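Participant: sequence first, predicted model second:
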Amino acid sequence: MNKFFIMMGQTYKNRVKSKSFLITTIVTIALIFVLTNIQSIIETFSDVDEEKKVAVLTEHGDWYEFLAGSVEMNDQLAFEKYEGSLNDAKTKVEEEDYESVVQVEQGADGTPEGTYYANQIANTGSSEAVRQALQQLKVQYVTEQADVDPAVIQQMNAPISLELVALEDSAKTAEELEQTRGLVYVMLFFMYFSVIMYGQMISTEVATEKSSRVMEILISSVSPVSQMFAKILGIALLGLTQFGIFILVGYIGIQQSKDIGDGSLLDFFGFTNIDPSTVVYAVVFFLLGYLLYATLAATLGSLVSRLEDAQQMMAPMMMLVVAGFMIAMFGLTVPDAAFITVSSYFPFFTPLLMFLRVGMLDIPVWEVALSLGILVGSIALLGWIGARIYRGGVLMYGKSSSLKDLKTALQLSKKEH
Amino acid sequence: MTLRLEKVTKKFGSFTAVNELSLEIPEKQIFGFLGANGAGKTTTFRMILGLLDQTEGEISWNNGEIGYDQSHLIGYLPEERGLYPKLKVQEQLIYLGKLRGMKKTDALKEIDAWLERFKVPEYKNKKVEELSKGNQQKIQFISAVLHKPKLLILDEPFSGLDPVNVEMLKKAVVDLKEAGTSIVFSSHRMEHVEELCESLCILHHGSPVVHGKLKEIKKSYGKKNIRVLADFDTTFLEKISGVTKYKPLGDGCEIQVEREEIASSIFEQLYGKGFVRTFDLEEPTLNDIFIEKVGASYE
């Protein structure tokens, strides 16, 4: 047991001191800082943004008045009546006196029509605003012609109010759903990235020891099983350190941005009022999911003899993670679909999908317990098989990365009495 | 603390790597394992260490199996050298020592002593990848003996070293034996085995073809070598019955005779033919035995 901790410590220490760990941590901290302060950053930049001037060429004075009035509230866009010819206006645009020029004419049916000239039409931001203003103008014109009361038009355009009420007492309210959806969303990303990142780390760790051939010394002093789990837990510890740092930085960042404006990023993800049981589920599913994928990664890593092959070996596992992630993303809108229910019992998808269901639906405890049971069972089974493959795999060298190696590895470790 | 192998067989599928190998390796001795490439030496070592399970037979040390609870008593230098390329020598040795049950303070002391002994104390804080192959090998050797094992298994310990370093390592091996370590080592350099081992075993295609004490093996082999340097033509010696091998030299020849008695008859036949500068009757070398035993079964 003592050697187990020595090995775990060494795995942890090596990784924490590595450059790649430092770089990813620093980059992510910077990213979190930017994200949590995004509002103040946007504000800082938008202040210096100048109002864009658009020249309007039209023979209808009242149309211009209407257009100018409709963008009054928009402080990034202003219309200016241009009296000269279209060609003069175009030159002004080229000289960047104006952002663009729009010519408004009467179409065949009498309604207004526009042509928009700008140096670049890639930025749809300003042309879209012009289009909206023209649309309003057209509605105004047509209703006037038809002699309809503008109040009627306003009523027609006002959005409908539809309140969603769940009849089951225990069902989540719309508000709660919104909150858990945010949490599930974040959790899915966390799971996805950590499985990919730390899974990769474990298989690289194993493959490195194999390719540098230090493995033979290691397995002659420590049993492969404790070696495998020492690595898995060592990397898990590393992950916890990293996440701990991220959460701390995120918390500080959010506290700061709260002082500036409202914590709308928090509101967006629904973090303001979280059900404690959801957090517990998140942690449980996250840890079990990590264990399952980490065991698989270590097993796969033990089968390759060169670092370059490790990537290839990991491909099937990556497919599993991506598939689970895709299904979960889809499931965010239809959490009660039958195939989500079925796939949530498949151990490789359980951490993502069962968590999604627990968070968003009201499902009986036995279902959660069953899926957890299957998950734990699969981890144990995979650990058992993995340890045997590992034992044989680490002694196997040569061109590898096929299923045949699995068989050979198992044969190498077989006890024949 | 005798290491005993009884009718040990290892099969990989239909391929038999080791076939009914029975050995007894006594305590505080150096035991040599000889064999061509692929003869089953490394497989045997891995079975002794418990890295592989034998298909049949028993392996016991100190009247029990070798398990991970005894790993602090065992040292192993694998044929494929391997250390962490990015770790510093001292860090690396501390880690490997700890895995063999050493305390850090003891490990530090031993590391300094060994580095001093191998005349490389300046490498203590260098990364292994910066070291030359030979120096890496010294570090690897230190990692195998750092924890003062009772049983030391060395797979090709001297390959790839220059003569000065070979001598240095040989001296270390002998000193360890004197301090009470049982050592098993494999090699295909006969002179090393001849120089160091009391007992040996020659493996061929997984089967032991020669096994026993070095002196007895040589005695029972019977054949002797004679080196003759003379001023006259010695080719007629090839025709004499009892001469099994003939190899011409610049001004003489080297022959192998079946028994020692034939040597005296050869001496008589040389007499009177002219001036004989050298007549040297030699014990057979292990090399001769090896080539004959291993080469013979090729035929």
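Facilitator: Good, I have the coordinates. In this text, all values refer to a predicted model and were calculated from it rather than measured experimentally.
Participant: tally of neighbours for the nearest residue to residue A:115 once chain neighbours are set aside?
Facilitator: Excluding the flanking residues, the one nearest residue A:115 by C-beta to C-beta, 6 or more residues apart in numbering or on different chains is residue A:103, at 4.7 Å. Just so you know, the C-beta spots here come from the backbone N, C-alpha and C atoms, and that holds for glycine as well. Look at residue A:103: counted by other C-beta atoms under 10 Å in any protein chain shown, it has 16 neighbours.
Participant: residue A:103 touches residue A:134, doesn't it?
Facilitator: No - checked against C-beta atoms under 8 Å, the pair residue A:103 and residue A:134 is beyond contact range at 11.1 Å.
Participant: what residues are shared contacts of the two?
Facilitator: residue A:114 (C-beta atoms under 8 Å, 6 or more residues apart in numbering or on different chains).
Participant: the residue nearest to residue A:115 bridge partners, please.
Facilitator: When assigned by DSSP bridges, residue A:103 has beta-bridge partners residue A:57, residue A:115.
Participant: wait, what's in contact with it?
Facilitator: Residue A:103 neighbours (C-beta under 8 Å, 6+ apart): A:57-58, A:86, A:114-115, A:117.
Participant: swap in 7 Å and give it another go.
Facilitator: For residue A:103, the contacting residues are A:57, A:86, A:114-115, by C-beta atoms under 7 Å, 6 or more residues apart in numbering or on different chains.
Participant: got those as JSON lines, with neighbour count and pLDDT columns?
Facilitator: Formatted as JSON lines, the contacts of residue A:103 follow (neighbours: other C-beta atoms under 10 Å in any protein chain shown; pLDDT from 0 to 100):
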{"residue": "A:57", "neighbour count": "21", "pLDDT": "85"}
{"residue": "A:86", "neighbour count": "14", "pLDDT": "83"}
{"residue": "A:114", "neighbour count": "21", "pLDDT": "88"}
{"residue": "A:115", "neighbour count": "11", "pLDDT": "88"}
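Participant: quick one, phi psi at residue A:149?
Facilitator: phi -70, psi 130 (degrees, to the nearest 10).
Participant: ugh, wrong one, I meant residue B:256
Facilitator: Dihedral pair for residue B:256: phi -120, psi 130, per degrees, to the nearest 10.
Participant: nearest residue to it in space, please, no chain neighbours.
Facilitator: Counting by C-beta to C-beta, 6+ apart, the residue nearest residue B:256 is residue B:245, at 3.8 Å.
Participant: what does residue B:11 give?
Facilitator: Closest to residue B:11 by C-beta to C-beta, 6+ apart is residue B:55, at 4.7 Å.
Participant: what's the distance between the one you found and residue B:5?
Facilitator: 13 Å (C-beta to C-beta, to the nearest Å).
Participant: looking at those two, which is more packed in?
Facilitator: Ranked by neighbour count (other C-beta under 10 Å), residue B:55 and residue B:5 place residue B:5 first, with 23 against 17.
Participant: so residue B:58 belongs to a strand, correct?
Facilitator: Yes - counting by DSSP: H, G, I helix; E, B strand; the rest coil, residue B:58 is located in a strand.
Participant: count of neighbours near it?
Facilitator: Count around residue B:58 with other C-beta under 10 Å applied: 12.
Participant: if I look at the residue nearest to it when sequence neighbours are not counted, how far off is residue B:59?
Facilitator: Of all residues not flanking residue B:58 in the chain, residue B:6 sits nearest, at 4.5 Å (C-beta to C-beta, 6+ apart). Residue B:6 is 8 Å from residue B:59, where distance means C-beta to C-beta.
Participant: and those two? which has more neighbours close in?
Facilitator: Applying other C-beta under 10 Å to residue B:6 and residue B:59 shows that residue B:59 carries more neighbours, namely 20 against 15.
Participant: report the contact partners of the nearest residue to that one once chain neighbours are set aside.
Facilitator: Among residues not flanking residue B:59 along the chain, residue B:5 sits closest, at 5.3 Å (C-beta to C-beta, 6+ apart). Residues in contact with residue B:5 (C-beta under 7 Å, 6+ apart) are B:21-23, B:57, B:59.
Participant: highest neighbour count among the residues you listed?
Facilitator: When neighbours are counted by other C-beta under 10 Å, residue B:21 leads the contacts of residue B:5 with 24 neighbours.
Participant: would the strand or helix carrying that one count as contacting chain A?
Facilitator: Using DSSP states H and E, residue B:21 sits in strand B:15-25. No - using C-beta under 7 Å from any C-beta of the partner chain, we find that strand B:15-25 stays clear of chain A, coming within 11.4 Å at best.
Participant: which SSE is immediately downstream of that strand?
Facilitator: Following strand B:15-25 in sequence, per DSSP H and E, is strand B:30-35.
Participant: state the mean pLDDT of that next one.
Facilitator: The average pLDDT within strand B:30-35 is 87.
Participant: helices or strands up against the helix or strand that it is followed by?
Facilitator: Sequence order places helix B:41-49 as the next helix or strand after strand B:30-35, per DSSP H and E. Applying 3 or more C-beta pairs under 7 Å, 6 or more residues apart in numbering or on different chains; DSSP states H and E, we find helix B:41-49 packed against strand B:3-12, strand B:15-25, strand B:151-155.
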